[in-house]
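In: Pasted the sequence and its predicted model underneath.
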Amino acid sequence: EPEVTQTPSHQVTQMGQEVILRCVPISNHLYFYWYRQILGQKVEFLVSFYNNEISEKSEIFDDQFSVERPDGSNFTLKIRSTKLEDSAMYFCASSRAAGANTGELFFGEGSRLTVL
Amino acid sequence: AQKVTQAQTEISVVEKEDVTLDCVYETRDTTYYLFWYKQPPSGELVFLIRRNSFDEQNEISGRYSWNFQKSTSSFNFTITASQVVDSAVYFCALSPRFGNEKLTFGTGTRLTIIP
């Protein structure tokens, strides 16, 4: 069964450092997403990406964040200068729908980021 | 704007009891999807069910059942004969039928099954 894969599963970094979280969405999917979950809190939408550009972003997704699809398979989330409050689980997701949704959103297993 | 409310933050039941997790949602969309996800202690999000707003039939899958009531904007989840492995945080979520498949999650209900 196809799945969304994320690396690393856990990353520890110092405040102010740049972090790149990587995701490999399902190969025939068109929409890609990043969600964030601060420990013990709800899962929050960060950004969606379609046709090589951001289609929607939340207020959390400020200038410190960027997303990229550098090749045909990877989808990355970069945090330029990490802050303590960026510590969270980051989930990548993908879906194949464009326009009329199927409701089939596939999540990766998450990347836990710890900022010290 | 979309909103999902899970009023129960924590529930504890003794193994083999039935338990119902409540979910109430708000949306201006006439068509939408509703979801339940399970998050075990390991942290991943495990998909449980997706419901199209057109389909108000209740669904049963083994010990799990879902009660979708459009009139009260609720999508409740019942676990029958609970087991220790059911201990997890459960999230209800909502997404639009058209446009971005962006999920709006509730705050989750932490379910603890006591052996």
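Out: Thanks, I have it.
In: Give me every residue in chain A lying close to chain B.
Out: Residues of chain A found near chain B (CB under 8 Å from any CB of the partner chain) are A:31, A:33, A:35, A:41-45, A:48, A:55-56, A:89, A:91, A:95, A:97, A:99-101, A:103-107, A:109-110, A:112. Where C-beta positions appear, they are placed from N, C-alpha and C, glycine not excepted.
In: hmm, who's touching the worst-scoring helix or strand of chain A on mean pLDDT?
Out: Using mean pLDDT, DSSP states H and E, the weakest-scoring helix or strand in chain A turns out to be strand A:106-107, at a mean of 88. Contacts with strand A:106-107, where a contact means CB atoms under 8 Å, 6 or more residues apart in numbering or on different chains, come from A:2-4, A:25-26, A:29, A:35, A:91-95, B:37, B:44-45, B:47.
In: so what secondary structure elements neighbour the following helix or strand past that strand?
Out: The helix or strand immediately downstream of strand A:106-107 is strand A:111-115, counting by DSSP states H and E. The contact analysis (3 or more CB pairs under 8 Å, 6 or more residues apart in numbering or on different chains; DSSP states H and E) places strand A:111-115 against strand A:10-13, strand A:19-24, strand A:88-95.
In: What pairs with the last one, parallel or antiparallel?
Out: Looking back up the chat, that one is strand A:88-95. If you go by DSSP bridges, strand A:88-95 pairs up with strand A:31-37 (antiparallel), strand A:106-107 (antiparallel), strand A:111-115 (antiparallel).
In: Tell me the gap between the second one and the middle of its chain.
Out: What separates the centre of strand A:106-107 from the centre of its chain is 11 Å, taken as CA atoms, centre = their mean, to the nearest Å.
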